[in-house]
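*Asks:* please work out how this folds:
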Amino acid sequence: MKSPYLLTRSNGSRLTTLRGALALDGFALVKLLGQGRFGCSYLISREDQDYVAKIFHPNDVKRRKRKLNWEIKFLRTIDHSAIPKLIQVIDRDGCFGLVMQKMPGQTLEDWLACDYAFGKSEIAIIFFQLIAVMDYLADLGISHRDIKADNILWTGDQLSLIDFGSARKMLSFDTHFNPDFWGIGDVFMRLALSCEEITASFNNGGIEQFDLTEEELLVIKRLLHIEKPYPNFRVLRAAVKQHWT
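*Replies:* Presented below is the predicted three-dimensional model:
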């Protein structure tokens with residue numbers, strides 16, 4: 001859940017400790033960006049450069065240490081312009097967190113919350129860029145497993161994928177139910193419902209009412225497992241390139 005509150009509304013002693021822990025590495029705490037079940041994210045700066053610090057609740061660090069180590073390992077492996085780089089791990093004074101590259105743009109959830117009406121061409125660009133990122137991750141054997149509007153930043157022409165807290169090693173490509181396929185399909189549905197070009201004849205029915213070609217619609221159905229899923233991201237990427245761009 002996003003928090004609209006300033007830092008002064010958060011726990012004073014905890015913030016003082018966090019400020020001190022960050023200061024040891026030359027970082028200054030700027031403001032709270034958001035908070036969720038497992039921790040908070042903050043805007044921090046060092047030498048006029050902004051970063052994002054993802055700080056975990058102390059109790060969750062103990063319970064989720066193995067998962068956190070997976071996230072750190074994945075981020076150190078990844079080298080992609082659409083995925084934030086891991087700058088540093090903070091682990092001192094009871095504070096454990098990740099300092100990340102600050103990526104440009106606002107989340108798709110923020111765009112939707114402002115009642116922004118996406119155009120079909122914009123959705124196609126987002127669609128293709130996201131699938132290209134997922135194809136890259138699949139080559140590394142990484143499944144993000146939490147593709148949603150909150151975890152995708154958009155500048156108006158460039159996409160970034162954030163939050164690898166749920167990521168796992170992809171032991172094999174699961175075509176029975178792939179959470180990354182489903183997540184991409186769900187994001188498409190959220191954006192499509194804001195697009196008048198796609199919903200011109202939509203009347204609270206199924207996706208069959210979308211103003212899409214049969215080929216475009218089939219891509220979405222296969223993502224949502226309504227039709228037989230794609231065998232991998234490379235085949236999906238080729239289908240999107242052929243029918244959506």
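*Asks:* please count neighbours and contacts with C-alpha atoms only from this point.
*Replies:* Noted.
*Asks:* you'd agree Lys54 is in a strand?
*Replies:* Yes. Lys54: assigned to a strand according to DSSP: H, G, I helix; E, B strand; the rest coil.
*Asks:* could you report the neighbour count for it?
*Replies:* 22 (other C-alpha atoms under 10 Å).
*Asks:* state the distance from it to Leu137.
*Replies:* 21 Å (C-alpha to C-alpha, to the nearest Å).
*Asks:* which residues touch the residue nearest to the spatial centre of the chain?
*Replies:* Closest residue to the average C-alpha location of the chain: Asn151 at 2.3 Å, with C-alpha atoms, centre = their mean. Listed by C-alpha atoms under 8 Å, 6 or more residues apart in numbering, the contact set of Asn151 reads 107-108, 161-163.
*Asks:* phi, psi for it please.
*Replies:* Note on Asn151: its backbone torsions stand at phi -100, psi 10 [degrees, to the nearest 10].
*Asks:* tell me how far it lies from Ala82.
*Replies:* 12 Å.
*Asks:* in the longest helix along the chain, what counts as buried?
*Replies:* Counting residues, the longest helix found in the chain (DSSP state H) is helix 120-139. Neighbour-count burial for helix 120-139, counted by 16 or more other C-alpha atoms under 10 Å, picks out 120, 123-138.
*Asks:* from the contact counts, what lies against that helix?
*Replies:* strand 159-161, helix 179-192, helix 233-244 (3 or more C-alpha pairs under 8 Å, 6 or more residues apart in numbering; DSSP states H and E).
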